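Trainee: test case, fold it:
(chains A and B)
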Amino acid sequence: MELFRVTKNAWGQEILVGISWDLAWVFLGAAGLFVVLHAIYKLTIAPDSAPDRRAKRD
Amino acid sequence: MVEDRSDAGSPAPADAASGDAPLVQGERIARHKLTDRAFHWLNAIATLTLVATSFLPIAGIKFDWIMIHWIAGVVLTGLVLFHIVRALGWQDRRAMGLGRADLKGAVQGLRWGARLSRQPPARPGKYPLPQKLFHHGMALVILVAIGTGLLMLLKIDTPFWGRDPYILSGYTWGIVYVLHGLSAMAVLAMVVVHVYFAVRPEKLWITRSMIAGWITRKEYEDHFDPELWRAGRESDGS
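Mentor: A predicted model of the protein is given here:
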């Protein structure tokens, strides 16, 4: 996967024209993965965050 | 309305008598003033418009996106400028500041979340650490997107000026494009995470406060340290 989009100018030199659009799917996938992992964490091992428990420290 | 000059746990707690207190309305406590809610939702509309006009064409949905995109970008720039002025001049900057109490709370929260400790973390001030970190992260990527976007505006004709693509070198334009694209992708990911937390059942009361402006007294007492975000004053300070 390319990280950058490049083109060539009239003199044949490579010109940077931006970030690769493929990375958008990487960012979107990372966000989706975070959401899934967090949801699994909350469903399984996360402690009960009910307010009456939270207040115990105070 | 009272100004929400709340303290979020950094230096000294805000004094209710000095106006640094949420407005109490019976059992409802004002969390977000109408101005701030309007900013949030207008900001959301502008940001979603920008995200949609950026990524839908890339995903294959072709339409004339450039004018919608730059107009939404200019609107977002105005909103952000308004927010910066308001935050610096009319709101308590400490409410979003990071301090030792945040670090301590983060350690407590991590230990509790990993079940290494039975003690839940101490209650925060107006903004818990994750909200502060999200705000600062989003502020950073939005400011990068705005800065680079404003530069890119110089490359298109608008009612205000004609295009001048030679104001920067080709190499510099490349850097500008990379930063703009990276920040846009970061915004996309952060919006997904933000919406996820907004619709989680245990967070709906926070979402409601961004719509209706208030939280209940029980929510206030359950989730916030009254010493760091004090209720108790009922007056008009807006």
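Trainee: from the centroid of chain B, which residue is nearest?
Mentor: The geometric centre of chain B, computed from its C-alpha atoms, lies nearest to residue B:135 (Cα atoms, centre = their mean), at 4.3 Å.
Trainee: which residue ranges of chain A form strands?
Mentor: In chain A, the strands defined using DSSP state E lie at A:4-8, A:14-19.
Trainee: nearest to chain B, out of those strands?
Mentor: Proximity to chain B, assessed across the strands of chain A by Cβ to the nearest Cβ, is greatest for strand A:14-19 (2.8 Å). (C-beta placed from N, C-alpha, C; glycine too.)
Trainee: the inter-axis angle of that closest one versus strand A:4-8?
Mentor: Using axes from the mean of the first three to the mean of the last three Cα atoms, to 10 degrees, the direction of strand A:14-19 lies 150 degrees away from that of strand A:4-8.
Trainee: buried set for strand A:14-19?
Mentor: Within strand A:14-19, the residues that qualify as buried are A:16, A:18, A:19, counting by 16 or more other Cβ atoms under 10 Å in any protein chain shown.
Trainee: what's opposite the second one in the beta bridge?
Mentor: It stands for residue A:18. Using DSSP bridges, the bridge partners assigned to residue A:18 are residue A:5.
Trainee: for it, what are its contacts?
Mentor: With contacts defined as Cβ atoms under 8 Å, 6 or more residues apart in numbering or on different chains, residue A:18 is in contact with A:4, A:5, B:174, B:177, B:178, B:180, B:181.
Trainee: helices or strands next to the helix or strand hosting the last one in the packing?
Mentor: Right, residue B:181. With the criterion set as DSSP states H and E, the secondary-structure element containing residue B:181 is helix B:170-199. The elements that helix B:170-199 packs onto, with contact taken as 3 or more Cβ pairs under 8 Å, 6 or more residues apart in numbering or on different chains; DSSP states H and E, are strand A:14-19, helix A:22-43, helix B:34-58, helix B:129-153, helix B:204-212.
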